[in-house]
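S.K.: Please find the sequence and the predicted model below.
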Amino acid sequence: MHPPGKPEKSRLDELAGTGVPTLVIQGGNDPFGRPEEFPDPLPGTTDLAVVPDGDHGLAVPKRAAITQEDAMGIVVEAALEWVVREIVGNGVPR
């Protein structure tokens with residue numbers, strides 16, 4: 001969402017202005033933008049899923065409350081739910 005340590009250079013307007021349904025999967029400790037920096041609700045049609053303790057690559061430290069396998073499960077589940085709701089649920093042709 002922004003360069004690390006430079007939240008004033010936010011690209012949130014670009015993200016919100018895509019004009020298409022968008023899913024953001026964000027690490028809870030991502031230096032490029034933490035989940036709390038996203039407005040609630042997000043403008044437009046942007047959904048947010050969070051991997052607790054995840055970094056920019058969604059990796060979680062060994063001391064995290066969840067395992068890396070759990071983190072990837074969150075990613076897969078969020079993406080699958082989003083695709084079913086936004087793509088399949090809207091009757092988009094295959």
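M.R.: Received, thanks.
S.K.: quick one, what contacts Thr45?
M.R.: Thr45 makes contacts with 18, 20-22, 86, as judged by Cβ atoms under 8 Å, 6 or more residues apart in numbering. C-beta coordinates here come from the backbone N, C-alpha and C atoms, glycine included.
S.K.: any chance of those in TSV, with distance to Ala49, neighbour count and pLDDT too?
M.R.: As requested, these are exported to TSV (distance: Cβ to Cβ, whole Å; neighbours: other Cβ atoms under 10 Å; pLDDT from 0 to 100):
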residue	distance to Ala49	neighbour count	pLDDT
Thr18	17	11	82
Val20	17	8	85
Pro21	13	16	85
Thr22	11	16	88
Glu86	13	16	87
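S.K.: Where do the helices of the protein begin and end?
M.R.: Taking DSSP state H as the criterion, the chain contains helices spanning 12-16, 68-83.
S.K.: Please enumerate residues in contact with the longest one?
M.R.: Taking Cβ under 8 Å, 6+ apart as the criterion, the residues outside helix 68-83 that touch it are 21, 23, 25, 47, 49-54, 58-60, 64, 66.
S.K.: at 7 Å what do you get?
M.R.: By Cβ atoms under 7 Å, 6 or more residues apart in numbering, the list of residues contacting helix 68-83 from outside reads 23, 25, 47, 49, 51, 54, 58-60.
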